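> Please work out how this folds:
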Amino acid sequence: MTSPFVAVAGATGGLGQLIAMALIKRGVAVKALVRPNTDPSRTEKLRRAGATIAPVDLSAVPALTNELTGAMCVVSSLQGLRDVIHTAQGNLLKAAVAAKVPKFIPSDFSLDFTKTKPGSNRNLDLRREFHAELKKSGIAWTSILNGGFLELLVGDSPMVNHKSRKVAYIGQESQLLDFTSMGDTAAYTAAVAADPKPTPNFLRIASATVSARDIANAESNVEGAQYKPGWMGPVWFIEIVIRVMRLFGGEKEVFPIWQGMQYMTNMASGAGKLKPLDNDRYPELVWTTMEEFLREHKNHLSKK
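As a prediction, this is how the structure comes out:
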């Protein structure tokens, strides 16, 4: 590609594809970095939208450097454990530096792990450790923190039980929790990637900042039946349960049950609270309310 472009790693994943499409909507050229031998069906939507598909081995830094030459930003939406967040993403960072890319956006997309206790969340510890490499790299970087995805409240949700009409919570019912839809996260990430001005190292966003009671009220409005918060215990007790569950395995899984529980304790304790929010940085963006999101999801299901 000769004109400036944004390279998106992990572009066939749910969030990565949304980021690529949001960039294209902004009129930004996109190069989607995909694994060699990726099934063409997984890249067809991106190709039809105008993205350049670039199969490349993330272990081959020289090849990556070649693909990133001319990029104005590299966005990583890679998901995995140490081999992905440190090794593969580390190679992506090395290639971005070698190619003299001006900006790097790491695959964080989480609650505020800069404020949480090391050891309290395995997956976020990996990101915290990767930031040491970011700081040493010399590249300008911006981490986007969005709390939990609103998608956690739909489908096979760990928080919302439609049979009992209960919204599970731990700790205090009044604790405010940050959620952002994947669509809103992608739109904001695209705005940061396309921004010609310098951006801060951390930007914090939330489509909705709500309590368990707020979630229950929104579900009641959408479903037409009363939902109530359901207390699952104090934060300290769930932390003990997590330690016990880890004894039985799951360390090689990206999202074992106890990992989701670690995320919940970080949110419910208030340790990972996003503050202040940077939602207003790009005034053209429209944020999705929680009730709008839940209603849209319900309407989508009814059309299937």
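> Mind listing what's buried along the lengthiest helix in the chain?
Among all segments of the chain classified by DSSP state H, the helix with the greatest residue count is helix 122-137. In terms of neighbour count (16 or more other C-beta atoms under 10 Å), helix 122-137 has its buried residues at 122-127, 130-131, 134. Quick note: C-beta positions are derived from backbone N, CA and C, even for glycine.
> Which other helices and strands does the helix or strand following it contact?
Beyond helix 122-137 on the C-terminal side, the first helix or strand identified by DSSP states H and E is strand 140-141. For strand 140-141, the helices and strands in contact under the criterion 3 or more C-beta pairs under 8 Å, 6 or more residues apart in numbering; DSSP states H and E are strand 103-105.
> In the sheet, which strands lie alongside the strand it packs on, parallel or antiparallel?
Here strand 103-105 has these sheet partners by DSSP bridges: strand 71-76 (parallel), strand 140-141 (parallel).
> now those as CSV including mean neighbour count, distance to Ser269 and mean pLDDT?
Below are the strands paired with strand 103-105 laid out as CSV (neighbours: other C-beta atoms under 10 Å; distance: least, C-beta to C-beta, whole Å; pLDDT from 0 to 100):
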stretch, mean neighbour count, distance to Ser269, mean pLDDT
strand 71-76, 26, 28, 98
strand 140-141, 18, 27, 98
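> how about the strands in the stretch 101-250 of the chain?
Applying DSSP state E, counting those that start in this stretch to the stretch 101-250 of the chain gives strands spanning 103-105, 140-141, 143-145, 148-149, 160-161, 166-169, 177-180, 202-204, 208-210, 228-231.
> Just the C-alpha atoms of the last one, please, in CSV.
Output for strand 228-231, consisting of C-alpha atoms alone and laid out as CSV, is shown next (Å, rounded to 0.1, in the frame of the first residue of the first chain):
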residue,chain,number,x,y,z
LYS,A,228,-34.0,-7.8,40.6
PRO,A,229,-30.4,-7.8,41.8
GLY,A,230,-29.2,-11.0,43.3
TRP,A,231,-26.3,-10.9,45.8
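> For that strand, give me every contacting residue.
Identification of contacts with strand 228-231 by C-beta atoms under 8 Å, 6 or more residues apart in numbering yields 161, 164-170, 173, 212-213, 215-216.
> again, but for the third one
Surrounding strand 143-145, the residues in contact under the criterion C-beta under 8 Å, 6+ apart are 105-106, 108-113, 131, 185, 188-189, 192, 201-205, 274.
> Make a PyMOL selection of the buried ones in the residues you listed.
In PyMOL syntax, the buried subset of the contacts of strand 143-145 is picked out as below (16+ other C-beta under 10 Å):
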select buried, resi 105+106+108+109+110+111+112+113+131+185+188+189+192+202+203+204+205+274
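> residues touching the nearest residue to Gly260 once chain neighbours are set aside, list them.
The shortest distance from Gly260 to any residue that is not its chain neighbour, by C-beta to C-beta, 6 or more residues apart in numbering, is 5.8 Å, and that residue is Pro158. For Pro158, the residues meeting the contact criterion (C-beta under 8 Å, 6+ apart) are 152, 168, 260, 264.
> circling back: now, of the contacts of strand 228-231, which are buried?
Of the members of these, the ones counted as buried by neighbours, 16+ other C-beta under 10 Å, are 165-170, 212, 215-216.
> Show me where the chain dips below the pLDDT cut-off.
Flagging of the chain using pLDDT under 70 yields the residue ranges 1-2, 304.
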